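1. Dropping a prediction and its sequence here:
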Amino acid sequence: MDYNNQYNNFQPYPPNNDKTGFGIAALVLSIVGMLLSCVWFLGIPLNLLAIIFGGVGLKNKNKGLAIAGLVIGIVGIVLSIIFGISLISDSATEYSYDYNFFNY
């Protein structure tokens, strides 16, 4: 029995060409961005990255994760903008009601 022939005739696995990395990255970034959307200065960049990675991931064969990341990223950026606007408007009007506070 020739052992060299036995080990040299193997067939390697074909390379994995699925390339779902951008879809997975978009989904993870959009979920983290959605959770951090109440902190608007963290939520907006994460959701923007999720939208970019989701758009790049749409070019691949498996589009499910990329679409999910894209949709959640868009919803997360809308929530971040709403939280940011409400925080800014609340801080701007916080003391406008108490301008007569020290006049008894």
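-> Yep, that arrived. Because the structure is a prediction, the values reported are computed rather than measured.
2. tell me how far the host helix or strand of Ser80 is from the chain's mean position?
-> Element membership for Ser80, per DSSP states H and E: helix 64-93. For helix 64-93, the separation from the chain centroid amounts to 11 Å (computed by C-alpha atoms, centre = their mean, to the nearest Å).
3. Please name the nearest non-neighbouring residue to Ile44.
-> Ser80 (4.7 Å; C-beta to C-beta, 6 or more residues apart in numbering). Where you see a C-beta, it was placed from the backbone N, CA and C, and this is true even at glycine.
4. Next up, the contacts around the one you found.
-> Gly33, Ser37, Trp40, Gly43, Ile44, Asn47 (C-beta atoms under 8 Å, 6 or more residues apart in numbering).
5. same thing but at 10 Å, please
-> For Ser80, the contact set (C-beta atoms under 10 Å, 6 or more residues apart in numbering) comprises 33-34, 36-48.
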